[in-house]
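Chemist: Fold the following and give me the result.
(2 chains)
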Amino acid sequence: MKRRIFFLLFMIPWALSAQNPKTLLNNAFKKFAKVQNYIADVHMDFDLPSVSMDAVTGQVFYKSPNKFRIKSKGIAFVPKQNPYFSLNELRDTNSYVAVLQGAEKIRNINCRIINVIPNNPTDMILGKFWIDAANNVILKSQITTASNGTIQLDNYFGTQKNFALPDKMVITVEMTKFKMPKALSAELNSKSSKTSSKKEKGTGKISMDFTNYKINTRLNEDVFK
Amino acid sequence: MRKLIYYELLKIATKPRSYIGFAVITAIVLLLETAMYIDGQTYIEFITQSLEESFDIEGKFLNGNLMCFIILQTLIIQMPLLVALVTGDTISGEAAQGTLRLLLTKPYTRAQILWAKITAGSIYLLLLLIWLGILALGLGLLIFGKGDLVVLKTEQVIILRENDILWRFMLSFVIAFISLQVVASLSLLLSCFTDNSIGPIIISMAIIILFTIIGTLDIPLFDHIKFFLFTTHMIVWRNLFDNPLDFNLIFTSVGILIGHIFVFNALAFYYFKRKDIQS
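Modeler: Next up is the predicted model:
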């Protein structure tokens, strides 16, 4: 009986701390914080409304805390935000309020859903994170930003799970559908769209596959210029 | 027959107006390339501003391939006029000068003479397009460098990778040749009907302008007519820069253009063979 009581007394605080949303977020951040910089090859696929573009390859460079650059071998549309910018918002646990919203299975992995509200919002107004508590990685995040609407990031972890670096990342962004006057496009015989002249919104997806990660290596600052 | 074509080419070469086309192409291309070299980035930023609201654009938009595309779509409106300037004069010009009757006394049939004029006109057209290709693509690549091609449509942006562009340009020059051959055939046909040197050139230009205006206007009544206008199909070269390609549309348009060439030339042969030449 004594052993049972002792076991319960020992387990309850541990179980509570594991449920604590800030602890979950902080564990995910700590894992990523091991990465000071990295270089990786990237293969990008685009699924953007009113944009037709074949896949492109390139290199991706990251330096903690917030330097990120993709250099492609051709024209590419890359997200305005550094995809890790929301993680950096979690650096200071006193700078936000975290609320455990529930649980959900993503790709058959049990995840905790945590809502994050920054105390002093910068660009991130609201964040929603799906955390794989067993591995301390963020499988999915949905960030509402002041500058670019809602951005969704889906991470697929593999070889670099220990550094919380995904093998594949799918970024879903809100974007305005492209429109140009006929006179500029010189499409003299094209039919004008019957839709209103208001800027139409759509969602676009950029899928990035990362390979050949070189983590915490020597990285020249010039690549970010 | 070769001799006849040679003489026809010689006639084209000796006319100062034959060089107007080359001069205009050179002026427009150099003007555009200079303007884009100096201020192209501002132009690109203006066009891409709606995209840059959502993304950072990585890579070089302004390059030789984009320059060639811009030049092609600018010149496709003017080129038919430059062609008509030469081919619209081939029969009527000689009739006006009084050399047509003399030409017909030579030991060649009327069909052979007309055929030689058509061939010479086509060679002129080919040279004009080669010159355009050298200036637009060659010089463009030399000044602006290589890169992916950004095709800007009214409601779509198509980005074609660098290794997927050259064959499209080559084919678009072939289609441009067929398109301009329609104009050459039309003006030659009109040239058979009159003894006035300027008339066929002006009428050809008027037809092209009228058809282009009908094609541009978004009026439902014109929707039924547009398909039958050769000017609608003359810009099908642009569809070679679609992704994926609509081969059905391209082949249909090319077929219609070739059909126009055939009809115009057949009418020209028919009329020229029976023409009562009095001067």
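Chemist: Excluding chain neighbours, what is closest to the residue lying farthest from the centre of chain B?
Modeler: Centroid-distance maximum for chain B: B:Ser54 at 38.0 Å, with CA atoms, centre = their mean. Distance criterion CB to CB, 6 or more residues apart in numbering or on different chains; nearest residue to B:Ser54, sequence neighbours excluded, is A:Met175 at 3.8 Å. Using the backbone N, CA and C atoms, a C-beta is placed for each residue, glycine as well.
Chemist: follow-up on the earlier one: contacting residues for the residue farthest from the centre of chain B?
Modeler: The contact partners of B:Ser54, taken as CB atoms under 8 Å, 6 or more residues apart in numbering or on different chains, are A:77, A:80, A:148, A:173-176, A:204.
Chemist: ok, A:Met53 - contacts?
Modeler: Applying CB under 8 Å, 6+ apart to A:Met53 gives the contacts A:46, A:75-77, B:157-159.
Chemist: how far away is the closest residue to A:Thr150 other than its chain neighbours from A:Glu89?
Modeler: Leaving aside its sequence neighbours, A:Thr150 sits nearest to A:Thr144 (CB to CB, 6+ apart; 5.1 Å). Look at A:Thr144 and A:Glu89: by CB to CB, to the nearest Å, they are 12 Å apart.
Chemist: Quick check: neighbours shared by those two?
Modeler: A:124, A:127.
Chemist: Taking the contacts of A:Met53 together, which two end up most distant?
Modeler: A:Ala76 and B:Ile158 (14.2 Å; CB to CB).
Chemist: ok, the two, which is more surrounded?
Modeler: A:Ala76 (25 against 17; other CB atoms under 10 Å in any protein chain shown).
Chemist: Who are the contact partners of the more buried one?
Modeler: A:44, A:46, A:53, A:56, A:58, A:70, B:57-59.
Chemist: How about B:Glu94?
Modeler: Counting by CB under 8 Å, 6+ apart, B:Glu94 makes contact with B:100, B:103.
Chemist: Could you list the buried residues of the helix or strand where it lies?
Modeler: Per DSSP states H and E: B:Glu94 is located in helix B:92-97. For helix B:92-97, burial by neighbour count (16 or more other CB atoms under 10 Å in any protein chain shown) applies to B:92-96.
Chemist: before we move on, what about stretch B:259-274?
Modeler: B:260-261, B:264-265, B:267-269, B:272.
Chemist: So what's the model's average confidence on the helix holding B:Glu94?
Modeler: Here helix B:92-97 scores 81 as its mean pLDDT.
Chemist: Can you tell me the closest non-neighbouring residue to B:Ile201?
Modeler: B:Gly88 (3.8 Å).
Chemist: show me the contacts for the one you found.
Modeler: Neighbour list for B:Gly88: B:187-188, B:190-191, B:200-201, B:203-204 [criterion: CB under 8 Å, 6+ apart].
Chemist: Over to it: give its phi and psi.
Modeler: phi -70, psi -10 (degrees, to the nearest 10).
Chemist: how far away is it from B:Pro200?
Modeler: 4 Å.
Chemist: got it, and A:Ile75?
Modeler: 46 Å.
Chemist: Tell me the helices and strands packed up against the longest helix belonging to chain B.
Modeler: The longest helix of chain B (DSSP state H) is helix B:18-52. In terms of contacts (3 or more CB pairs under 8 Å, 6 or more residues apart in numbering or on different chains; DSSP states H and E), helix B:18-52 is packed against helix B:64-87, helix B:110-133, helix B:140-144.
Chemist: tilt between it and helix B:110-133?
Modeler: 40 degrees (axes from the mean of the first three to the mean of the last three CA atoms, to 10 degrees).
Chemist: Any buried residues in helix B:18-52, and which?
Modeler: Applying 16+ other CB under 10 Å to helix B:18-52 flags B:18, B:21-22, B:24-25, B:28-29, B:32-33, B:36, B:40, B:44, B:47-48, B:50-51 as buried.
Chemist: what is the orientation angle of it with helix B:64-87?
Modeler: Orientation check (the same axes, to 10 degrees): helix B:18-52 against helix B:64-87 gives 150 degrees.
Chemist: Tell me the helix or strand right after helix B:18-52.
Modeler: Per DSSP H and E, the helix or strand that comes after helix B:18-52 is strand B:55-58.
Chemist: Near chain A, which residues of the stretch 101-250 of chain B? Just list them.
Modeler: B:147-148, B:150, B:152-162, B:164, B:212, B:215-216, B:218, B:226, B:232, B:235, B:238, B:243 (CB under 8 Å from any CB of the partner chain).
Chemist: out of those residues, which are inside strands?
Modeler: Residues of these located in strands (DSSP state E): B:150, B:152, B:157-160.
Chemist: hang on, the earlier thing: between B:Gly88 and B:Pro200, what contacts are shared?
Modeler: With CB under 8 Å, 6+ apart as the test, B:Gly88 and B:Pro200 both reach B:187-188, B:190-191.
Chemist: Return the members of these classed as buried.
Modeler: Buried among the shared contacts of B:Gly88 and B:Pro200 by 16+ other CB under 10 Å: B:187-188, B:190-191.
Chemist: Between these, which sits nearest B:Ile134?
Modeler: Of all these, B:Ile134 sits closest to B:Ser187, with 25.0 Å by CB to CB.
Chemist: which intervals of chain A have sub-threshold pLDDT?
Modeler: Along chain A, segments meeting pLDDT under 70 span A:1-19, A:181-200.
Chemist: Report all helices and strands that the longest strand seen in chain A contacts.
Modeler: For chain A, the longest strand by residue count, based on DSSP E, is strand A:201-215. Judged by 3+ CB pairs under 8 Å, 6+ apart, strand A:201-215 is in contact with strand A:37-47, strand A:76-79, strand A:166-176.
Chemist: Deepest-packed of those, please.
Modeler: strand A:76-79 (a mean of 24; mean count of other CB atoms under 10 Å in any protein chain shown).
Chemist: Convert the C-alpha atoms of it to PDB, please.
Modeler: Taking C-alpha atoms only, strand A:76-79 is exported to PDB below (Å, rounded to 0.1, in the frame of the first residue of the first chain):
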ATOM      1  CA  ALA A  76      10.800  30.200 -56.900                       C
ATOM      2  CA  PHE A  77       8.200  31.800 -54.700                       C
ATOM      3  CA  VAL A  78       9.300  31.400 -51.200                       C
ATOM      4  CA  PRO A  79       7.200  32.200 -48.100                       C
END
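Chemist: After that strand, which helix or strand is next? Please name it.
Modeler: That would be, after strand A:76-79 and using DSSP H and E, helix A:85-88.
Chemist: any residue of that following helix up close to chain B?
Modeler: No - judged by CB under 8 Å from any CB, helix A:85-88 stays clear of chain B, getting no closer than 13.4 Å.
Chemist: which ones among the shared contacts of B:Gly88 and B:Pro200 are found in helices?
Modeler: Those of the shared contacts of B:Gly88 and B:Pro200 lying in helices (DSSP H): B:187-188, B:190-191.
Chemist: And these, which is closest to B:Leu114?
Modeler: Using CB to CB, B:Leu188 comes nearest to B:Leu114 of these, at 8.0 Å.
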